[in-house]
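Asks: coords please:
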Amino acid sequence: MDSKVKEQILGIRKLGETNMFDVPKVREIALREDYCELAVYLVENKAAYTRFILTGDEE
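Replies: The predicted structure is shown next:
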């Protein structure tokens, strides 16, 4: 996970609009907010995203 994707995840979390485990909703918000990198990342790296939300592990 690169720093831009991490920043975008944290930006969506800060909005407080959705449960961060609701990946389809997070992706919808990412597209609305023009977080294209995150939208692509969620499609290709769902397990890594979930691990980051659970543990903070960025690998």
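Asks: grab the nearest non-local neighbour of residue 5.
Replies: The shortest distance from residue 5 to any residue other than its chain neighbours is 4.9 Å, reached at residue 41 (Cβ to Cβ, 6 or more residues apart in numbering). C-betas here are computed from N, CA, C, even on glycine.
Asks: wait, isn't the one you found in contact with residue 6?
Replies: No - with contact defined as Cβ atoms under 8 Å, residue 41 and residue 6 do not form a contacting pair (9.8 Å).
Asks: coming back round to it: show the pLDDT at the residue nearest to residue 5.
Replies: Residue 41 is assigned a predicted lDDT (pLDDT) of 97.
Asks: for it, what are its contacts?
Replies: The contact partners of residue 41, taken as Cβ atoms under 8 Å, 6 or more residues apart in numbering, are 1, 5, 49.
Asks: list the contacts of the last one.
Replies: Contact partners of residue 49, counting by Cβ under 8 Å, 6+ apart, are 1, 9, 23, 41, 42.
Asks: list the buried ones in the helix or strand containing the second one?
Replies: I take that to be residue 9. Using DSSP states H and E, residue 9 falls within helix 3-15. For helix 3-15, the neighbour count (16 or more other Cβ atoms under 10 Å) marks 5, 8, 9, 12 as buried.
Asks: residue 36: which of these is nearest?
Replies: The shortest separation between residue 36 and any of the buried residues of helix 3-15 is 9.1 Å, and it belongs to residue 8 (by Cβ to Cβ).
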